[in-house]
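Q: With the input below, show me the fold.
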Amino acid sequence: MRRCACLLVLALSLSVTSARAEDNDIVLSRLGTPTVEGDQVVGVVGNNQAFRSLASELGVVMAPRLLEPSDTIGFGGFQFTLDTAFTSISSGANYWDTLEAESNGFMPTVGFFARKGIWMPLPSFEIGVGAVKLLQSRMWSAQGYLKFALHEGYHNLPIPSLAVRGGASRLMGSEQLDLTVASLDVSMSKEFGLGGMINLAPYGGWNLLVVIPRSEVVDRTPGVDQITDPTDRANSFVFVDQDNIYRHRFFAGAKLKYYVFTLTLEANLAIAGSSIDDRSGTDSRCDAAGTTDDCDAEDAAESQQTYTVSLGLDF
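A: Have a look, this model is predicted:
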């Protein structure tokens with residue numbers, strides 16, 4: 001009985017710890033400006049441009065991983081990898097004031113992936129699934145992709161391998177933000193043998209990200225019970241649904257393989273955001289100033305770099 005009680009206390013302690021906000025968790029209520037009449041809050045208007053820019057940069061942080069040359073691992077192959085990445089953010093921008101603690105300018109993530117070559121629906125297909133965790137936060141993303149090699153395997157000829165890949169990432173662990181990222185990339189690589197023992201495969205390419213952000217209900221005063229104080233309901237709000245956000249990434253890396261062990265190094269650059277949520281008409285939720293004559297929200301995200309190291313087993 002005593003052992004059961006101890007286990008129960010430990011489980012409760014872990015659950016309380018996991019529920020506590022960490023340094024890289026996001027508080028969207030900080031992007032809301034209350035509208036006051038007299039001494040009474042009658043509503044909250046969200047800063048939609050800041051919301052769009054935040055979602056854009058966070059989308060790059062949690063975007064589907066690349067980390068692979070154009071060649072597939074073969075329909076009989078398996079691969080397991082563990083990677084760590086650092087992605088820059090515009091930490092001085094007002095929308096990153098939503099973090100629980102001040103950032104040093106980079107978001108660290110770790111990921112685990114399993115990949116398998118498949119024969120159907122055509123040869124040279126590869127599928128992968130995995131998860132990426134944003135460190136010092138409760139947020140993580142479930143990810144998956146499908147790759148098709150248009151041309152591969154001719155390593156003795158001066159012809160590169162070519163592949164296209166589509167992927168998706170779904171954010172978990174945030175009560176205030178619903179974020180989905182779709183990915184499409186085209187890559188080129190060439191494999192070389194080194195000393196008869198090591199394979200080196202430099203690769204590079206272009207990647208399109210489609211970031212789809214949605215706001216959950218945000219409460220500016222979570223410590224106030226709206227049942228006992230019905231007037232506090234005016235402090236709850238949602239951000240205007242945003243049009244899709246488009247970001248372009250260019251990436252380059254190299255994969256080293258010795259026996260079944262792999263090491264992959266990659267760097268990528270996401271071009272600054274420029275897409276606009278073009279909203280005609282009027283909406284009282286359009287901007288933090290409370291005006292309704294201009295509902296457009298432009299993505300002000302700056303360019304971002306990501307540096308990744310991956311270790312794996314390739315069978």
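
Q: Distance of the residue lying closest to G77 once chain neighbours are set aside relative to Y246?
A: Spatial nearest neighbour of G77, chain neighbours left out: G117 (4.6 Å); criterion: Cβ to Cβ, 6 or more residues apart in numbering. C-beta here means a position set from N, CA and C on the backbone, and glycine is covered the same way. Separation of G117 from Y246 (Cβ to Cβ, to the nearest Å): 31 Å.

Q: So which of these two has more stuff around it?
A: Just comparing G117 and Y246: by other Cβ atoms under 10 Å the higher neighbour count belongs to G117, 20 against 15.

Q: hey, what's that one bridged with?
A: For G117, the beta-bridge partners are E126 (DSSP bridges).

Q: so who does it touch?
A: G117 is in contact with 72-77, 125-126, counting by Cβ atoms under 8 Å, 6 or more residues apart in numbering.

Q: make it 7 Å
A: Neighbour list for G117: 72-77, 126 [criterion: Cβ atoms under 7 Å, 6 or more residues apart in numbering].

Q: quick one: which of the residues you listed sit in strands?
A: E126 (DSSP state E).

Q: Go ahead and flag the most central residue of the chain.
A: Nearest residue to the geometric centre of the chain (Cα atoms, centre = their mean): M62, 1.4 Å.

Q: For that residue, report the pLDDT, please.
A: Listed pLDDT for M62 reads 98.

Q: How about L8?
A: Reported pLDDT for L8: 34.

Q: mind listing what's buried in stretch 210-218?
A: Residues of stretch 210-218 classed as buried: 210-213, 215, 218 (neighbour count, 16 or more other Cβ atoms under 10 Å).

Q: Show me the contact partners of that stretch.
A: 28-29, 32, 51, 55-56, 59, 175-182, 236-239, 241-242, 244-247.

Q: roughly how far is it from the heart of the chain?
A: 13 Å (Cα atoms, centre = their mean, to the nearest Å).

Q: pLDDT averaged over that stretch - what is it?
A: 94.

Q: can you pull the buried residues of stretch 231-247?
A: Under 16+ other Cβ under 10 Å, the buried positions of stretch 231-247 are 232, 234-240, 242-243, 245, 247.

Q: Of these, which is the nearest to P158?
A: Relative to P158, the closest of the buried residues of stretch 231-247 is R247; by Cβ to Cβ it sits at 33.3 Å.

Q: where along this structure do the helices fall?
A: Counting by DSSP state H, one finds helices in the chain at the ranges 2-19, 48-61.

Q: Identify those among the buried residues of stretch 210-218 that sit within strands.
A: Per DSSP E, the subset of the buried residues of stretch 210-218 in strands is 210-213, 215, 218.

Q: okay, the residues you listed in CSV with distance to D97 next?
A: Output for those, formatted as CSV (distance: Cβ to Cβ, whole Å):
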residue, distance to D97
V210, 26
V211, 20
I212, 23
P213, 18
S215, 17
V218, 15
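
Q: Looking at the residues you listed, which is nearest A270?
A: Distances from A270 to those, taken by Cβ to Cβ, are shortest for V211, at 10.6 Å.

Q: shaky segments in the stretch 151-300 of the chain?
A: Within the stretch 151-300 of the chain, the stretches with pLDDT under 70 are 279-295.

Q: Could you list the buried residues of stretch 299-313?
A: 299-302, 304, 306, 308, 310, 312.
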